[in-house]
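predicted structure and sequence below. I'll ask about it afterward.
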Amino acid sequence: MILDLLRHGETEQGGLRGSRDDALTDKGWAQMRGAVADAGPWQVLVSSPLQRCGRFADELGAQLNLPVQREPALQELHFGDWEGQSAAQIMEHQADALGRFWADPYAFTPPNGEPVEAFAERVLAAVERLRLQHAGKRVLLVTHGGVMRLLLARARGLPREQLLQVEVGHGALMRLVPGGDGQLVEAP
């Protein structure tokens, strides 16, 4: 399986979005359309169920005459009490906690948030299910920055402390080749 990853475009709200179901801005739609304009072809479309991913996937699926498979396990990390807040807002009251999260997101969970270890387990299990279900196919996964950072960090062999240092812009399109042993290889 070849797995192309597409991050959703800019959303109407800023800050840590996590499980919030925000819509794309016009710029966000343009970012995603631009990313896939000269890409593909895909045989399978998979999307996070959140509208910032799913609505674009539905549009693309209609254009390509492909159904869209919704995969709840490929939603963004749930940031708990930090959802909807910018880093600057969190710094005002929880600077130490935010610093600990940025330094090692596996070792510190935002208040009432999802542990990164649990997030990693659900995302990697979903990718493995996709690999088994769509062996030999080219798949486009429309998803979130956190999902892409996790998968790219694994493919690059980065230590867990560097997870949040992986750059993934809005509308970024990247390619991975998942192996049968759970290994991920980043492809050009």
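Yes, it's here. For clarity, every value in this text was computed on a predicted model and none was experimentally measured.

got the contact list for the nearest residue to Arg52 once chain neighbours are set aside?
Nearest residue to Arg52, sequence neighbours excluded (C-beta to C-beta, 6 or more residues apart in numbering): His8, at 4.3 Å. C-beta coordinates here come from the backbone N, C-alpha and C atoms, glycine included. The contact partners of His8, by C-beta atoms under 8 Å, 6 or more residues apart in numbering, come to 24, 28, 32, 48, 50, 52-53, 56, 142-144, 170-171.

nearest to Leu152 among those residues?
Leu152 has its nearest neighbour among these in Thr143, at 11.7 Å by C-beta to C-beta.

I'd say that closest one and Leu45 touch.
No: look at Thr143 against Leu45 with C-beta atoms under 8 Å: they stay out of range, at 11.6 Å.

what are the boundaries of the helices in this protein?
26-36, 51-64, 87-103, 116-133, 145-156 (DSSP state H).

mind saving the C-alpha coords of the second one as PDB?
Spelled out, it's helix 51-64. Taking C-alpha atoms only, helix 51-64 is exported to PDB below (Å, rounded to 0.1, in the frame of the first residue of the first chain):
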ATOM      1  CA  GLN A  51     -15.800  18.100   8.800                       C
ATOM      2  CA  ARG A  52     -12.400  19.900   8.300                       C
ATOM      3  CA  CYS A  53     -11.300  16.700   6.600                       C
ATOM      4  CA  GLY A  54     -14.500  14.900   5.700                       C
ATOM      5  CA  ARG A  55     -16.200  17.600   3.600                       C
ATOM      6  CA  PHE A  56     -13.100  17.900   1.400                       C
ATOM      7  CA  ALA A  57     -12.800  14.200   1.100                       C
ATOM      8  CA  ASP A  58     -16.500  14.000   0.000                       C
ATOM      9  CA  GLU A  59     -15.900  16.700  -2.600                       C
ATOM     10  CA  LEU A  60     -12.800  14.800  -3.900                       C
ATOM     11  CA  GLY A  61     -14.500  11.500  -3.800                       C
ATOM     12  CA  ALA A  62     -17.400  12.900  -6.000                       C
ATOM     13  CA  GLN A  63     -14.800  14.200  -8.500                       C
ATOM     14  CA  LEU A  64     -13.000  10.900  -8.600                       C
END
